[in-house]
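Q: Sharing a model that was predicted from the sequence below.
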Amino acid sequence: MACLAARLAAVALIVGLAAGSGDHTVSTSSPCFEDPTVDACSDGSSFFPDSTILSKMESLCDRMPYVSGCSIRAKCAADQLAEKYCTPWSLAASICAGDETSSHEAECIDFNALCSPETGTTKV
């Protein structure tokens, strides 16, 4: 559910604000990234905590500040957007799923393993 809500918020925000290459393997050791449909993986915070998401998004935005989701992240840091757009999962959706430029970057591998843009599947 976190994926779906985050993706919907990201799409809505990117559309409103707008009116790479990389390794494609999963980078985290949790088996939930290989099969997030397992019952034990239903709570993403148990294996992909907010602090990890925020750290990855900070790293990507430091390297690629021009990514549209990074503009959203900057507005969140300046308290210029509603909280629903600034949650870690929403920021990851904005940065990793909302912009083709960043979607294949290493920092997005785990998010994309859980929230597949190719299939539209929301697994967490």
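A: Cool, the structure landed. Numbering: from 1, shown residues only.

Q: rest of the way, CA atoms for contacts and neighbours
A: Will do.

Q: quick one: contacts of stretch 75-83?
A: When contacts are defined by C-alpha atoms under 8 Å, 6 or more residues apart in numbering, stretch 75-83 is touched by residues 85-86.

Q: buried residues in it?
A: Cys76 (16 or more other C-alpha atoms under 10 Å).

Q: looking only at pLDDT, what's the mean for it?
A: Mean pLDDT, stretch 75-83: 96.

Q: roughly how far out does that stretch sit from the chain middle?
A: 17 Å (C-alpha atoms, centre = their mean, to the nearest Å).

Q: got it, and stretch 46-62?
A: The answer for stretch 46-62 is 9 Å, by C-alpha atoms, centre = their mean.

Q: Next, find the distance separating the nearest residue to Cys32 once chain neighbours are set aside from Gly98.
A: Closest residue in space to Cys32, ignoring its immediate chain neighbours: Cys41 at 5.6 Å, by C-alpha to C-alpha, 6 or more residues apart in numbering. Cys41 is 24 Å from Gly98, where distance means C-alpha to C-alpha, to the nearest Å.

Q: swap in Ser45?
A: Counting by C-alpha to C-alpha, the gap from Ser45 to Gly98 is 21 Å.

Q: helix/strand/coil for the residue nearest the centre of the chain?
A: Central residue of the chain (C-alpha atoms, centre = their mean): Ala92, 2.0 Å from the mean position. Put simply, Ala92 is helix when judged by DSSP: H, G, I helix; E, B strand; the rest coil.
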